[in-house]
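Enquirer: sequence? don't have it. structure:
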């Protein structure tokens, strides 16, 4: 479809669509299911010491996306931040894991952790 969402956005259009729905519905959290445990400090296939980031701020997620992380599309993150919707990345192969959380809640947890 010329000029459609797939052509305009490319990869991540389903996540972007979900973020629009979550923002429109006033959701507190959007779960995005991938085949990864969440957001890592680096590409774990290239950096063996990469660590899973259980809580990241929107700014940190945006920075990782800018440098090539493909877990969260920048447009998805933008919609979630504007609507104050947290994004939780869950592993579809390991559904019992907590996943990685971005957003206001993650920012709060980071602040509280720093105060300890």
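Expert: Everything's here; your move. It should be emphasised that the depicted structure is a prediction, and the values quoted were computed from it without experimental measurement. Numbering: from 1, shown residues only.
Enquirer: switch to C-alpha atoms for all contacts and neighbour counts from now on
Expert: OK.
Enquirer: how close does residue 30 sit to residue 51?
Expert: For residue 30, the distance to residue 51 equals 23 Å [C-alpha to C-alpha, to the nearest Å].
Enquirer: equivalent analysis for residue 41, please.
Expert: Where residue 51 is concerned, residue 41 sits at a distance of 5 Å (C-alpha to C-alpha).
Enquirer: what of residue 23?
Expert: Taking C-alpha to C-alpha as the measure, residue 23 and residue 51 are separated by 29 Å.
Enquirer: residue 30 and residue 51 - which one has more neighbours?
Expert: residue 30 (20 against 14; other C-alpha atoms under 10 Å).
Enquirer: which SS class is residue 33?
Expert: Under the three-state scheme (DSSP: H, G, I helix; E, B strand; the rest coil), residue 33 adopts strand.
Enquirer: what do you get for residue 84?
Expert: Under three-state DSSP, residue 84 comes out as coil.
Enquirer: that one contacts residue 25, correct?
Expert: No. Contact criterion C-alpha atoms under 8 Å: residue 84 and residue 25 do not qualify, at 11.7 Å.
Enquirer: comparing these two, which residue is more hemmed in?
Expert: Each of residue 84 and residue 25 has its neighbours counted (other C-alpha under 10 Å); residue 84 has more, 19 against 10.
Enquirer: from residue 22, how far off is that one?
Expert: 10 Å.
Enquirer: what do you get for residue 97?
Expert: 22 Å.
Enquirer: could you do residue 43 as well?
Expert: In terms of C-alpha to C-alpha, residue 43 sits 28 Å off from residue 22.
Enquirer: who's more crowded, those two?
Expert: Using other C-alpha under 10 Å, the more surrounded residue of residue 43 and residue 22 is residue 22, with 22 against 15.
Enquirer: how about the nearest residue to the more buried one, chain neighbours excluded?
Expert: Distances taken as C-alpha to C-alpha, 6 or more residues apart in numbering place residue 30 nearest to residue 22, at 6.3 Å, with adjacent residues excluded.
Enquirer: okay, that neighbour and residue 37: tell me how far apart.
Expert: 16 Å.
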